[in-house]
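> Let's see this in three dimensions:
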Amino acid sequence: MAGRREGRAARAGSAWRAAALGLAVGLGVGGGAAFYLADPPAPGYVAEEGGIDAVTVTARTFADERKAPARAARAPEWKALAPSAGVVRRADCEAGTAVRSGAAPFVLDDRPVVFLRLSTPPWRDMWPGTRGADVAALQKELRRLGHKDVPKDGYFGTQTAAAVRQLWESAGGNAKQDWVPLDQLVWLPERSVTPVSCPWRIGDKANLGDVLFTVGGGLASLTVSLPPDAVGGARVAALGEAAAPIGEDGSIDDPGFLAEYAKTTEFADFLNDPASALNVAVRLAEPIQVAAVPPSSLYSLADGAGCVMDESGPLRVEVVASQLGETFVAGPVLPSRVVVDPAGTKDSGQRCE
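Okay, here's the model as predicted:
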């Protein structure tokens, strides 16, 4: 028996050296390159001295790291449009900095443009004496901004006019202006919005309807699709130092991770071409312990599970991955030494449950 093992080992070593010599001759003729004959690379398991019938295996930490295809969902987009034409004389707008209701970040010619969150979009100029639901919406927002004397009656009276004059004065406009013209007003859908782009600079010429800034349109969430052979268990998405939990449905909605992913070249390509593929690096949230065994040590394989013959007897294991000639197995008890080619084991009564 020992002689047969030694013969097999000798033949395997001779075959390896012959292949290496053939490679050296094929590549080295006329090339002046130096080659040496090396032993074949050692696997993660270690062959026992005197043969290859049994090998010692070691435990490893396995996180099942891989790239998974992903779908991106973008936030709804909203654009603030110039209410009139004019030369930009003030542009207090910066991407990532909120614009709040009551602010006047732009001046076109000599007219400050005020942004207001109103419960209903304005549709006409509002003057002293105007009455209606739009006036009531204006009064409600003026009170929220601190003008407590403004009534709630929907009538543009004395107190409302006084609050409007203060509004224009604080915006750097005419302190005597007691009306609200549409060409100086931008309606906000929320009390505060955060631009993702602010293209205007002082001296630029804006036209009616030009986009002053854009809100939204960024990355709202990612959803990854794990392949069928992925190891079960909670997972996280990883990008550099950033990591985020992945929901049971594959969703990623962590704001910090999404902000980092939105900076990647891959996402920039997606914005230019929504047909571009997106991938996310994923791994197990809690790595598991596995043993790397030779594929030939496994028997009775079915549905991703099988057996190995350990020194303590047959062990039931789950196959979690294979790479570079090794098979990673997990189970309640990990093998420490396995029979490489357990021929006849299935028929010898050595079963595992």
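
> Tell me where the stretch 1-150 of the chain has helices.
2-28, 133-144 (DSSP state H, counting those that start in this stretch).

> and residue 108, how many residues sit next to it?
Residue neighbour count, defined by other C-beta atoms under 10 Å, stands at 24 for residue 108. Every C-beta, even on glycine, is put in place using the N, C-alpha and C of the backbone.

> and the residue lying closest to residue 84 once chain neighbours are set aside, what does it touch?
In space, and not counting its chain neighbours, residue 84 is closest to residue 183: 3.8 Å by C-beta to C-beta, 6 or more residues apart in numbering. By C-beta atoms under 8 Å, 6 or more residues apart in numbering, residue 183 lies in contact with 83, 84, 111.

> export those to CSV and tack on pLDDT?
As requested, the contacts of residue 183 are exported to CSV (pLDDT from 0 to 100):
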residue, pLDDT
83, 98
84, 98
111, 97
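
> Closest one to residue 323 out of those residues, please.
The nearest member of these to residue 323, counting by C-beta to C-beta, is residue 83 at 62.0 Å.

> for the closest one, what are its contacts?
Going by C-beta under 8 Å, 6+ apart, residue 83 touches 113, 182, 183, 184, 185, 186, 208.

> Could you dump those residues into TSV and include distance to residue 234, pLDDT and secondary structure?
Shown next, in TSV, are the contacts of residue 83 (distance: C-beta to C-beta, whole Å; pLDDT from 0 to 100; DSSP: H, G, I helix; E, B strand; the rest coil):
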residue	distance to residue 234	pLDDT	secondary structure
113	50	98	strand
182	54	97	helix
183	56	97	helix
184	54	98	helix
185	50	98	strand
186	45	98	strand
208	53	97	coil
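
> Kindly report which one of the helices of the stretch 1-150 of the chain carries the lowest mean pLDDT.
When those are ranked by mean pLDDT, helix 2-28 comes last with a mean of 38.

> sorry, back to before: just give me the closest of the contacts of residue 183 to residue 141.
Of all these, residue 83 has the smallest distance to residue 141: 16.9 Å, by C-beta to C-beta.

> separation between that closest one and residue 183?
5 Å (C-beta to C-beta, to the nearest Å).

> ok, residue 236 touching residue 286?
No: between residue 236 and residue 286 there is no contact under C-beta atoms under 8 Å: 9.5 Å.

> more crowded one of these two?
The neighbour comparison of residue 236 against residue 286 (other C-beta under 10 Å) goes to residue 236, with 19 against 10.

> Pull out the C-alpha coordinates of the longest strand anywhere in the chain and format them as PDB.
When the chain is parsed with DSSP state E, its longest strand is strand 313-323. Written as PDB, here are the backbone C-alpha positions of strand 313-323 (Å, rounded to 0.1, in the frame of the first residue of the first chain):
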ATOM      1  CA  GLY A 313     -15.400   9.300  12.000                       C
ATOM      2  CA  PRO A 314     -17.800  10.500   9.300                       C
ATOM      3  CA  LEU A 315     -18.900  14.200   9.600                       C
ATOM      4  CA  ARG A 316     -21.900  15.900   7.900                       C
ATOM      5  CA  VAL A 317     -20.800  19.200   6.400                       C
ATOM      6  CA  GLU A 318     -22.300  21.900   4.200                       C
ATOM      7  CA  VAL A 319     -20.500  23.000   1.100                       C
ATOM      8  CA  VAL A 320     -20.300  26.800   1.100                       C
ATOM      9  CA  ALA A 321     -17.800  27.600  -1.700                       C
ATOM     10  CA  SER A 322     -15.000  26.300  -3.900                       C
ATOM     11  CA  GLN A 323     -11.900  28.100  -5.200                       C
END
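
> helices and strands around it, which ones?
strand 288-293, strand 298-302, strand 305-310, strand 326-330 (3 or more C-beta pairs under 8 Å, 6 or more residues apart in numbering; DSSP states H and E).

> Flag every buried residue along that strand.
For strand 313-323, the neighbour count (16 or more other C-beta atoms under 10 Å) marks 314, 315, 316, 317, 318, 319, 320, 321 as buried.

> ok and that strand relative to strand 326-330, angle-wise?
Going by axes from the mean of the first three to the mean of the last three C-alpha atoms, to 10 degrees, strand 313-323 is angled at 120 degrees with respect to strand 326-330.

> partners of strand 313-323, with directions?
Here strand 313-323 has these sheet partners by DSSP bridges: strand 305-310 (antiparallel), strand 326-330 (antiparallel).

> List the neighbours of the last one that are in contact with it.
Taking C-beta under 8 Å, 6+ apart as the criterion, the residues outside strand 326-330 that touch it are 43-45, 60, 62, 288-295, 298, 308, 317-322, 335.
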